[in-house]
Structure formats: C-alpha cells, structure tokens
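[1] just a sequence and a predicted model for now, questions to come.
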2 protein chains.
Amino acid sequence: MGSVTIYDVAAKAGVSIKTVSRVMNNEPNVRPVMRERVLAAAGELGYSPNLSARSLAGSRSFVIAVFVDAALTIDHWQSERGADYLSRIQLGATLVCRDAGYHLLIELIDHEGPQVRQEVAALLAALKPDGVILTPPSSDNAVVLELLDKARTPYVRVGPERAEGLGPRVHMDDVAAAREMTDHLISLGHQRIGFIVGEPRYGASQARRDGYLEAMRAKGLPVPEAWVRQGDFTFQSGLEQAKAMLALPERPTAIFASNDDMALGCLAAIAEVGLMTPGDISVAGFDDSPSSRFSRPQLTTVRQPVAEMSSVAAKLLIEQSRSGGAPERPVDELLPFALIHRASTAPPPR
Amino acid sequence: MGSVTIYDVAAKAGVSIKTVSRVMNNEPNVRPVMRERVLAAAGELGYSPNLSARSLAGSRSFVIAVFVDAALTIDHWQSERGADYLSRIQLGATLVCRDAGYHLLIELIDHEGPQVRQEVAALLAALKPDGVILTPPSSDNAVVLELLDKARTPYVRVGPERAEGLGPRVHMDDVAAAREMTDHLISLGHQRIGFIVGEPRYGASQARRDGYLEAMRAKGLPVPEAWVRQGDFTFQSGLEQAKAMLALPERPTAIFASNDDMALGCLAAIAEVGLMTPGDISVAGFDDSPSSRFSRPQLTTVRQPVAEMSSVAAKLLIEQSRSGGAPERPVDELLPFALIHRASTAPPPR
DNA sequence: ACAAGGCCTGGGAGCGCTTTCAATCGAGGA
DNA sequence: TCCTCGATTGAAAGCGCTCCCAGGCCTTGT
C-alpha cells in the first residue's frame, strides 16, 4: 500500500533517518554495526529510496537525458528505415546507467521548430537531469548548448560536427576513416574510385567526403565531378547514383558509399546492369550496419564505435555528477574506428 | 542560478501559489482573468514546474517506463544485430509521451537473474512510474506482473505470448499472420513448404509455427519433420537450416522463415547451391525489417505494427494516469498486421 | 589529568509542489 | 431582505528525502 519510507527503516533499525540516509548513500562516518543493522532493516522491508524525494531535496536527480532529433526519428519511423544509430546510442548509455543506479530518459527535440528554446528550457527546468547526452544534430545546436550552459547542466556531445570550444565531446574521426577506406581501395589497385556523399544535414557527410578527397589527392588520382555524387543515406539514392556512375563513358572500378544503405543500393545497381561485385566493381560502405553482413557479397565497411561513444559519454556524466565538479581539463575523447574487410572489395579487373 | 519556482510566478502574478498550481494543471475554477495573468507571468519568467516536486507531492510522476530484457539487449549490442524491434517500440511510445508532457524511461531488466524480484521492486519504489510498457519477455514474466499489481502500477503488455487474464495487452495475431502467409504460398501453387522456427524464448516463435501448421493441415498438405527446422532468429541459423532443407531428397519448393534475418539466410543458402529465388524456390520472411527491402530479390514478409502497439500502450497508460482510474473493461487491443508482397515469392517451378 | 580534536549520531529546516479544507464573494430564491 | 449554494481563492500541512549544524563520545597529545 503506502510504500516503505525511510522512516520505516529508521524505526525498524532503531536509528534516525539521517543514519539511514547515510547508509543508503554510502557516506562515511557510520559504524559498521549500524550500517549492518540499517541494511538488514532495509532488506527486510524491501526499501528503496524515492527518486523524486531525493532529487527534490538533494542536488542530484539520478537521471541522464538523451536528446534526439524529432524530425529524424519520425523519418525513421515512417520510412521504416532502421534507427540503428539511435539504438546503439541507447544501448551503450543504458547499460552504464543501470550499473550506476542512474536512469536514462529519451527526449525528442524538434531542432527545426520555432520553439526549440522554450522546449529545451522547459525540459531542463522540469527534469533537472544530472547530465545530457547530445546526439547529432543536437550536438551542434547553438541554442541547446547555450541553454545547457545557462542551466549549468553537464553535457557531452556525441559525434559532433563542429570542433572544440563548444564543450565536451566524444567522437570518432570520420575524415581519417574515409581516408583509410579510400587508401585501402587504392592499395588494391583501384585508380578510378567513385564516391557517394550522404545527407548534407549530417556533419559526417562532409567529413567522409573530405577524407575521400584527401586520399585521392594525396595519391594524385583524378576526381572528376561525375564521380562524386550526392546521395541522402537511403538505399534508393545509392541505387540511383550508382546507376548514373555506371552509365558514364569512363566509369569507376570502385565505389565508396558513405553509408551502408547506399552501398547496398550500389550492389543492387551493379547487379542490375549485369556486372559482378567485386569482380567488375568493388563497393565499400560505412557504418557496419546489420544489413552489411546480410548482403551478397558481404560489405567491406567502417565500424563506428557508436555504443562505445554513448557509453563513454554516460560514464563521464555520471562521474561528474558524483564528484559534483567539472572535470579538470576539457573532455575530448576520440574513439577508434575499424575497417571491416569483407567480400565486396577486391583488385580491379585488368 | 536558482531556477524559477512557483513562488516567483505567484509573486509576479499577484496570486497565491495554489492558483498558479491550478492554472498549470488546467484545473477548473479559475477566472479567465487570473488564468491569463498567471500564464503571462509564467511565460515571462520561463517557468516550468519541477517534475520531482510534482511527483513527490502529488499522485502522478509523469513518467512512463519501458521494461526491456537486459540479456537480449546485450545480445543485440554484441552481435551488432539491429535492435529493430526495440527502436520501433520506443519511437511509438516516445512520440505519444512527448505530446502528452510525459517522459519515457528505458529500463533494462535481467529477467533470468536471481534478482528480478528485488530489481523490479526497487525500480517501482524508486520511480513510481505512472505506467509501465512491458516488452517481451517482460510481458509474460510472472514476477514482474505480480510486483506491478502489488504496487498498483498500471501496465500494458505488448505482444505477450500468453493469453488474457494476465492484465491489459496490446498485440497482434502471430498465428493468423503465419497462417495467411502460408496460405499465400499455397495459393501460389506450392505444396511442399518448409518452415524455420525462431528462438524458442520468444512466444511468437511458437505462434508462427502454429499458424504455419494450421494452414498446412487445413489444406491437407504433408509436413514431414525435416521441413520444420529450429532456427534462432539469426541470419546464420537461416542459412544453415535452409541448406539442410535443400540437401533433402525431396526438398520444399518454398521456405517460410519466421523472421526476416533467417529469410535472408535462406536467400543466401539458395544462391550458394546455385538455385534461383523465386524461380526455383520461394522465400517468405516475417517482420518487414529494413533489410527485407535491401535484399535481392526483395523479401515477401509480414509487417508487424510494432510502433503502433507501443503507441497505443502509451496512450492507454497516459489516459489512465490522467483519469486516475482503471479502464472500465479489460484492455485487449488486437492490431492488424499486413502481408507485404514482394519479389521473393512466386509460383513453384513445374 | 585536561584540552583539543576526530568520529558518530540526531535534530531541524527546507526542496517545490499538491492536497485538504476553510474562507470569501456574489447571485438566486423564499 | 436574509439565507443558501456554488464558484473562487488562499492558508497550512505535508510528500520523503538531503543538507547544515550541534552535541555526545572517545581518542590523542602534553
């Protein structure tokens, strides 16, 4: 009925509520005997401190919020495209939170809307989260960052586009990853390598293109405009752009798509015109999405440490909330990516 | 600094905090003039009521929790398989919550562990959520249901395995879906239809097999044991079981896999032995996962209303929390599935 | 032996809100 | 005209916990 309160435990253990509070928070200055007695009473009663009361009275709320863009999310829903990135973010953070006794709150933010300011301010005022994990495009949203700073709420930007100076971040090096993948294709012997750019709203799209361009230029390879094509991260766009490239008089011997969905589109396009992958044309993707392993041939791709990023972010925030202070030096964690070599890339036909 | 409280608003509007409270909660018995004045003051101050204080003082917490199995989640993470089901669940619920001013909390539960009872009890005591959305296998966990009832926390079981009498549920008819898909194959002319069963931990696995068996028996078609094979919902298991079936002296002309990952495995197996889909062998899946559209041929499959189920669940819980009472009659929402006809099924070769 | 600490413990004051209940103001009815 | 009832308002009492601070005790030092 009425749930067990700290008073019940105090009464049963024959101590004051303050002592119970100390024990529950693992504070020092409690005799082991007392601690045992309180723990026993709490155990028998099945007591668990009320979160609301804790956060109202104290300075912590034991809540970590994740800001996610509403529009992208709804897109995913309607198109039934997998929200793979988002789930990985959540898994990493959820596990860390659970172990630490924190709770993960998923919040949709309408970054494009006219109400962002009010929406985010209300959220912070109502929730008073101990920390916020910002996923793109929140990671780069000026209004969000400003409000977070104003509310003195710690946050970590996951995979942000813009560089330092904007607060703590945990990210990976998209430029280097794209460069390495391009280098890999070049080392296989490819000279004519096409590229499909991703949805421009994502900062990663440009970074990946830059990495590709860097690698090509470093080796002095030509990059005609027709080989760098604009996609939007969908299978369909990959299919279309690949077809367009295949129709070129001088077509590439390899295509690097900046995500797996588009790479799968390339595979389909190549098969459609009767060519073989990787025999005639190699294809590389980016993301290591689940479907990259279910395609034939399996996709060579880049594995992003998505879950690890959010996991690190959550750990940072929880630690900060526990110690009560900001970290000594600016947080800037660069997590390693990995090239996954599978069957879709091979030396060019000679 | 110190955030805006109800006192500040009351002072600015020249009313008592009680009146502010009434306005913020849309309670009746406030003159329009007062309401306006309070709203104006709140707007200027950027006031937003503190959630913790609200739930501590009142009877609602404005929090809806989603219980998710920890083991399955970690599986998904490690295997990098898409947590597609989970993300769809979340999207549906998150959108509803946001519109209603509620917040979604994701909680991992270790259903297999020895601590379930304590873990869940602690969660409920600490959070006092206004409602809980149970995803499989939580939907059928006796301990969880018992504790929820004891704590008088409203809940909705999403896609539970066991039937009524265990509390409100929102689900789809897996048996009918599997039966209809089987009927579809039969109507194309197939007589020898193989089936790959899913991971037995999921109740849906049995339901789908039952649907398949019903359809086969209704038409008097033979179902040799070798045609009903145990998989575990992974691509690999689909590949292996399909290969085994193809090696049979009398092999099926169609394979119905009880999820898309396994169906993709079938596609791979068929291609591997040099046969064509659907020319030689038809393949049907179940889930309408993102990858079902990226395969070649695209997969004929069943679309589950996952996001819709959680969306309905969230709506029910929020409504209940608002009205303060249990619904008049037991909740049992059956949502419609849909057969998605794509290219992987065709009449058998003659 | 006496004072100066350190270790435990409890008392009391809120945190920002909802709730209960009493008080006030008018309008309608006898 | 006086009384009753409903619509409005506010005052006060917590919700269950943390935080600040004082008090008691037992160590040390000299």
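    Alright, I've got the coordinates.
[2] every contact and neighbour count from this point should use C-alpha atoms.
    Noted.
[3] after the helix or strand of chain A with the lowest mean pLDDT, which helix or strand is next?
    Lowest on mean pLDDT, DSSP states H and E among the helices and strands of chain A sits helix A:70-79, with a mean of 74. For helix A:70-79, the succeeding helix or strand toward the C-terminus, using DSSP states H and E, is helix A:84-100.
[4] I'd like the next helix or strand past that following helix.
    strand A:103-109.
[5] if I look at the nearest residue to A:Tyr7 once chain neighbours are set aside, how far off is chain B?
    Leaving aside its sequence neighbours, A:Tyr7 sits nearest to A:Ile17 (C-alpha to C-alpha, 6 or more residues apart in numbering or on different chains; 6.0 Å). To chain B, A:Ile17 is 17 Å away according to C-alpha to the nearest C-alpha, to the nearest Å.
[6] again with A:Arg209
    24 Å.
[7] what residues are up against that residue?
    A:Arg209 sits next to A:Val175, A:Ala178, A:Phe195, A:Val197, A:Ser258 when contact means C-alpha atoms under 8 Å, 6 or more residues apart in numbering or on different chains.
[8] check A:Asp183 too.
    A:Ala215, A:Met216.
[9] next up, phi/psi of A:Asp132, please.
    Actually, residue A:132 is Val. It isn't Asp. The phi/psi pair for A:Val132 (degrees, to the nearest 10) reads phi -130, psi 130.
[10] my bad, A:Val156
    phi -130, psi 130.
[11] contact partners for it?
    A:Val156 sits next to A:Gly131, A:Val132, A:Ile133, A:Leu134, A:Gly167, A:Pro168, A:Arg169, A:Val170, A:Ala313, A:Leu317 when contact means C-alpha under 8 Å, 6+ apart.
[12] repeat that with 6 Å
    Neighbouring residues of A:Val156 by C-alpha atoms under 6 Å, 6 or more residues apart in numbering or on different chains: A:Ile133, A:Pro168, A:Arg169, A:Ala313.
[13] for A:Trp227, list the residues it contacts.
    Applying C-alpha under 6 Å, 6+ apart, we find A:Trp227 in contact with A:Gly194.
[14] can you tell me how far it sits from A:Ser344?
    Here the distance between A:Trp227 and A:Ser344 works out to 19 Å (C-alpha to C-alpha, to the nearest Å).
[15] cool, and A:Asp280?
    11 Å.
[16] more neighbours: which of these two?
    A:Ser344 (24 against 18; other C-alpha atoms under 10 Å in any protein chain shown).
[17] who's in contact with the helix or strand containing A:Val9?
    Assigned by DSSP H and E, A:Val9 belongs to helix A:6-13. For helix A:6-13, contacts defined as C-alpha under 6 Å, 6+ apart pick out A:Ser16, A:Ile17, A:Arg37, A:Val38, A:Ala41, A:Ala42.
[18] pull out the buried residues from it.
    Across helix A:6-13, burial judged by 16 or more other C-alpha atoms under 10 Å in any protein chain shown covers A:Ile6, A:Asp8, A:Val9, A:Ala10, A:Lys12, A:Ala13.
[19] just these now: which is nearest A:Val302?
    Nearest to A:Val302 among these: A:Ile6, at 51.3 Å, using C-alpha to C-alpha.
[20] up against DNA strand C, what does chain A have?
    A:14-19, A:28-31, A:34, A:53, A:56-58 (C-alpha under 7 Å from any atom of the strand).
[21] next step: the residues you listed restricted to helices.
    Counted as lying in helices by DSSP state H, out of those, are A:Ile17, A:Lys18, A:Thr19, A:Met34, A:Ala53, A:Leu56, A:Ala57.
[22] tally up the residues packed near the fifth one, please.
    Around A:Ala53 sit 16 other residues, with neighbours defined as other C-alpha under 10 Å.
[23] same check, this time on the fourth one
    Residues within reach of A:Met34, counting by other C-alpha under 10 Å, total 16.
[24] cool, the last one as well?
    Number of residues near A:Ala57 (other C-alpha under 10 Å) recorded here: 12.
[25] check it and give its pLDDT.
    pLDDT for A:Ala57: 95.
[26] kindly report the same for the second one.
    For A:Lys18, the pLDDT comes out at 94.
[27] one step back: for the contacts of A:Arg209, which one is nearest DNA strand D?
    A:Val175 (43.4 Å; C-alpha to the nearest atom of the strand).
[28] doesn't the closest one belong to a strand?
    No - counting by DSSP: H, G, I helix; E, B strand; the rest coil, A:Val175 is not part of a strand but helix.
[29] would you confirm that it contacts A:Arg208?
    Yes - using C-alpha atoms under 6 Å, A:Val175 is in contact with A:Arg208, at 5.1 Å.
[30] so for these two, which sits in the more crowded spot?
    Looking at A:Val175 and A:Arg208 with other C-alpha under 10 Å, you find the greater number of neighbours at A:Arg208, namely 27 against 20.
[31] how near is that one to A:Leu105?
    From A:Arg208 across to A:Leu105, the span is 31 Å (C-alpha to C-alpha).
[32] please apply the same query to A:Gln90.
    Applying C-alpha to C-alpha to A:Gln90 and A:Leu105 gives a distance of 10 Å.
[33] and for A:Lys150?
    Distance, A:Lys150 to A:Leu105, using C-alpha to C-alpha: 21 Å.
[34] more neighbours, the two?
    Between A:Lys150 and A:Leu105, counted using other C-alpha under 10 Å, A:Leu105 has the larger neighbour count: 25 against 11.
[35] point me to the residue of the stretch 251-350 of chain A nearest DNA strand C.
    Of all residues in the stretch 251-350 of chain A, A:Gly324 sits closest to DNA strand C, at 17.7 Å by C-alpha to the nearest atom of the strand.
[36] what's around that residue, how many residues?
    A:Gly324 has 12 neighbours, counted by other C-alpha under 10 Å.
[37] please apply the same query to A:Arg293.
    Other residues close to A:Arg293 by other C-alpha under 10 Å number 17.
[38] can you check A:His111 too?
    Each residue near A:His111 was counted by other C-alpha under 10 Å, and the total is 21.
[39] with adjacent residues omitted, what lies nearest to it?
    Among residues not flanking A:His111 along the chain, A:Asp69 sits closest, at 6.3 Å (C-alpha to C-alpha, 6+ apart).
[40] which stretches of the stretch 151-300 of chain A have low pLDDT?
    A:163-165 (pLDDT under 70).
[41] separation between the residue of it found nearest chain B and A:Leu86?
    Closest to chain B within the stretch 151-300 of chain A is A:Pro290: 5.2 Å, counting by C-alpha to the nearest C-alpha. To A:Leu86, A:Pro290 is 14 Å away according to C-alpha to C-alpha.
[42] quick one, helices of the stretch 201-350 of chain A?
    Along the stretch 201-350 of chain A, counting by DSSP state H, counting those that start in this stretch, helices occupy A:203-218, A:235-246, A:260-272, A:306-323.
[43] format the ones you listed as JSON lines; extra columns: distance to DNA strand D.
    Listed next are the helices of the stretch 201-350 of chain A as JSON lines, based on distance: least, C-alpha to the nearest atom of the strand, whole Å:
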{"stretch": "helix A:203-218", "distance to DNA strand D": "39"}
{"stretch": "helix A:235-246", "distance to DNA strand D": "51"}
{"stretch": "helix A:260-272", "distance to DNA strand D": "47"}
{"stretch": "helix A:306-323", "distance to DNA strand D": "10"}
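[44] looking at these, which is buried most?
    Greatest average neighbour count among these goes to helix A:260-272 (a mean of 26), per mean count of other C-alpha atoms under 10 Å in any protein chain shown.
[45] count of neighbours near A:Phe294?
    A count of nearby residues for A:Phe294, using other C-alpha under 10 Å, gives 23.
[46] distance-wise, check it relative to B:Pro200.
    Relative to B:Pro200, and taking C-alpha to C-alpha, A:Phe294 is found at 23 Å.
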